[in-house]
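Asks: from the sequence below, what's the structure:
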Amino acid sequence: MRTRKINAPIAVTVAGLVAVAALSTGTTPAVAGSPTGPTPAVAARDQSATPAAVLRSRIMLHLDLARGQMPENIALSPDGTAYVTFAGARQVAAIDRGGKIRILATLAAPADGGVNTPALGFALTTGIVRHRDGTVDFLYASGDAASTGLYRLRPGGTPRRIAALPADGLPNGLAFDERRKIFFITDSVLGTISTVRQAGGPVTVWSSAPELASTGFLGVNGIKVRDGAVWASNLDQGTLLRIPVRHGRPAPVEVRAGGLTGIDDFAFTGDGTDQVIAALVGQNTVVRVDVTGRSTTLLTAADGLQNPTSVAVQGRTVYVTSAAYLTATDPNLIVAHGVPSLSFVAS
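Replies: Residues are numbered from 1 along each chain as shown. Below is the predicted model of the structure:
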């Protein structure tokens, strides 16, 4: 691996992301509603320096930092093709199992180059969802009211904005509720989860609970829909959250785990339980969080992690994207295979 010079417009994010690095000092972030931090019931506890559940990993693909190929989010097709957002390049790309990259779309930079994008200072593509027909929906945060929003890209087509999102926010995580046919969108700056119908159109703030708020940098981040509930992570607060959906409205937030320093996106293990695998961007680790809130380290910088941002699970294979926001060395895509104790099945 060799260090590459990062583009100047993107480099300004490093100052902001130092806040993430600072979290990796070991300070436990407070859980909303608790002045002394997570209670033992929800505190994430890493049980050993040498984890019992080990993933056999390899770097599938080294990416080009100088070209803005910082993979922020990932969605998988049934054949194992990884659909990713390249944050710094404002792109959506498909990476096949052989490591071949196909750029599907590049969004135009705003007139100011993206410097007014809240918290980060550069325009970036973020959350992504792939549908069974090959359609891809993704988010773009630009600090510009004319372009920030939810976009749709049909196979062979060009991207089109189907919902405008607040330019003073940072749309980040994206999940699709197949049963209700609605999207859930996190805004890490505004501390909200919003909904948009599948066809696009008006955006409705679904929840602005205090558990979603930032404490200085980025709040609610990753998001998934599972078994009648919305799950989300909060990077600043270091928490994994579950919000039951009651008649379409949010019930009180449940803090399922705390102490997850710098948690970004996550995925369910697919074994029928509420276990997740989460990327801790500032700590350069990927952890499994069990149903009790206990965490076990699965991957570290020794496996090639460079500020991991998102996780996807397919069968017993785990895909991890690393954006190298802070290391500025080697953005990459890691593929790891689970041992039987992880009980991975297709989700």
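Asks: helices of this protein, residue ranges please.
Replies: Along the chain, counting by DSSP state H, helices occupy 8-11, 13-23.
Asks: mean pLDDT lowest for which of these?
Replies: When the helices of the chain are compared by mean pLDDT, helix 13-23 comes last with a mean of 44.
Asks: just checking, residue 169 touches residue 117?
Replies: No: assessed by CB atoms under 8 Å, residue 169 is found out of contact with residue 117, at 9.8 Å. C-beta: built from backbone N, CA, C; applies to glycine.
Asks: same drill for those two, tell me which one is more crowded.
Replies: residue 117 (27 against 22; other CB atoms under 10 Å).
Asks: just give the closest residue to that one, not the sequence neighbours.
Replies: Leaving aside its sequence neighbours, residue 117 sits nearest to residue 143 (CB to CB, 6 or more residues apart in numbering; 3.8 Å).
Asks: wait, that neighbour sits on residue 119?
Replies: No: using CB under 8 Å, residue 143 is not in contact with residue 119; the gap is 9.8 Å.
Asks: who's more crowded, those two?
Replies: residue 143 (23 against 20).
Asks: so who does the more buried one touch?
Replies: 110, 112, 114, 115, 116, 117, 118, 123, 167, 168 (CB atoms under 8 Å, 6 or more residues apart in numbering).
Asks: of the residues you listed, buried ones?
Replies: Among those, those classed as buried by 16 or more other CB atoms under 10 Å are 110, 114, 116, 117, 118, 123, 167.
Asks: right, and residue 310 touches residue 279 too?
Replies: Yes: using CB under 8 Å, residue 310 is in contact with residue 279, at 5.9 Å.
Asks: shared neighbours of those two, which are they?
Replies: Residues touching both residue 310 and residue 279 by CB under 8 Å, 6+ apart: 264, 265, 320, 321.
Asks: so which of those is the closest to residue 149?
Replies: residue 265 (19.7 Å; CB to CB).
Asks: the closest one - nearest residue in space that isn't next to it in sequence?
Replies: Nearest one to residue 265, counting by CB to CB, 6+ apart, is residue 222 at 3.4 Å.
Asks: gap between that neighbour and residue 73?
Replies: Look at residue 222 and residue 73: by CB to CB, to the nearest Å, they are 8 Å apart.
Asks: what sits in contact with each of the two?
Replies: Shared contacts of residue 222 and residue 73 (CB under 8 Å, 6+ apart): 173, 265, 310.
Asks: confidence score at the second one?
Replies: Which is residue 265. pLDDT, residue 265: 98.
Asks: got it, and the last one?
Replies: Residue-level confidence at residue 310 comes out at 98, pLDDT.
Asks: tell me, how many residues neighbour the spatially closest residue to it that is not a sequence neighbour?
Replies: What sits nearest to residue 310 in space, not counting adjacent residues and going by CB to CB, 6+ apart, is residue 265, at 3.8 Å. Using other CB under 10 Å, residue 265 has 32 other residues around it.
Asks: one more: the one 10 residues further on?
Replies: Residue 275 has 18 neighbouring residues, counting by other CB under 10 Å.
Asks: do the one 5 residues further on as well
Replies: Taking other CB under 10 Å as the criterion, the count of residues near residue 280 is 28.
Asks: that one pairs with what?
Replies: residue 263, residue 285 (DSSP bridges).
Asks: now do the contacts for it.
Replies: Residue 280 neighbours (CB under 8 Å, 6+ apart): 260, 261, 262, 263, 264, 286, 287, 308.
Asks: recalculate using a threshold of 7 Å.
Replies: Contacts for residue 280 (CB atoms under 7 Å, 6 or more residues apart in numbering) come out as 260, 261, 262, 263, 287.
Asks: quick check, the residue nearest to residue 265 in contact with residue 173.
Replies: Yes: assessed by CB atoms under 7 Å, residue 222 is found in contact with residue 173 at 4.7 Å.
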